[in-house]
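[1] sequence and predicted model, in that order:
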Amino acid sequence: MQAATRGKIITHPNGQTTHLIIDNFTDPWLPCETILIQHGFARHAAFWYHWVPALARKYRVIRRDTRGHGYSSTPDERTYDYSFDTICEEIVDTLDQLGIRQVHFLGELTSGMVGEFFACKHAERVKSLIICSSPTFLPPKALSLFAFGHKDWPTACHQVGVSSAEGLAGYAKFLSSLDSRGVLSQIKVPMLILAPAKSAATKLEEQRGIKQTVEQAQLEVINGKGHEIYGEMPGACQQSVLTFLSQIK
């Protein structure tokens, strides 16, 4: 059995660096598939540490800090192209540098939206897509809520007074305009929707709409108390993920 947990820094052609953590406790003589976990906004890879024991015995698990989060670099907003293409190119380059052809993409909250775009544009790199508590867009009401009385969400991030504020603000600006509703019908890979039963950020109607639109989608409603089911109800979420992955050939 492999016993490997290691952090790694990757440098991309555009000069940005990405931090990731690899956990792999699979039998080395057996083929090994990879789960790529992308955390939600204002989190980092360590937030998903408690998922490792359930997943890493059967899969190589990569927890990757998104741009401007955790130990990944924070770009200068004046010169960095905070766009969907750039974010996806960095994910592709991450996989290329690790020598990984395909992944099961697990995106939480806003990273689920990124995963939906990624599964369309780079379908050959995605064996399956899992989204957790993920809206398809951030409506004006949500953006106003996240602004906490400031001009907008990115401005609020600038005011938090922490070293990552610049990175959060740039990524918030990118997410503010992200809307995956128009690409859902183009997703052709198997998809699992982990839907919180009582989320203020994404209603069950929206999650059911995703299932109806995506051809190979499955919906699992997780009966937690709120939005963050990945932390509140990890056992139920993990079991749903493992059952889903076991069905994929």
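    On my side now, so go ahead.
[2] may I ask which helix or strand encompasses the residue lying farthest from the centre of the chain?
    Going by CA atoms, centre = their mean, the residue of the chain most distant from its centre is Trp29, 29.3 Å out. Here Trp29, judged by DSSP states H and E, is contained in no helix and no strand.
[3] who are the contact partners of it?
    Not one residue lies near Trp29 by CB atoms under 8 Å, 6 or more residues apart in numbering. In short, each C-beta sits where N, CA and C put it, glycine included.
[4] and the gap between it and Ile22?
    Separation of Trp29 from Ile22 (CB to CB, to the nearest Å): 19 Å.
[5] pretty sure Thr34 contacts Lys58?
    No. Look at Thr34 against Lys58 with CB atoms under 8 Å: they stay out of range, at 11.2 Å.
[6] how about the top helix by length along the chain: buried residues?
    Longest helix in the chain, counting residues (DSSP state H): helix 84-98. By 16 or more other CB atoms under 10 Å, the buried positions in helix 84-98 come out as 84, 86-91, 93-95, 98.
[7] can you name every helix or strand that the very next helix or strand once past that helix contacts?
    Once the chain leaves helix 84-98, the next helix or strand it forms, by DSSP H and E, is strand 103-108. Counting by 3 or more CB pairs under 8 Å, 6 or more residues apart in numbering; DSSP states H and E, the packing neighbours recorded for strand 103-108 are strand 34-38, helix 110-121, strand 126-132.
[8] quickly, which of the ones you listed bottoms out on average pLDDT?
    For these, mean pLDDT drops lowest on helix 110-121, to a mean of 94.
[9] list the contacts of it.
    Outside helix 110-121, the residues that touch it by CB under 8 Å, 6+ apart are 38-41, 66, 84, 87-88, 91, 105-107, 125-126, 129-138, 175, 178, 180, 183-184, 186-187, 189, 191.
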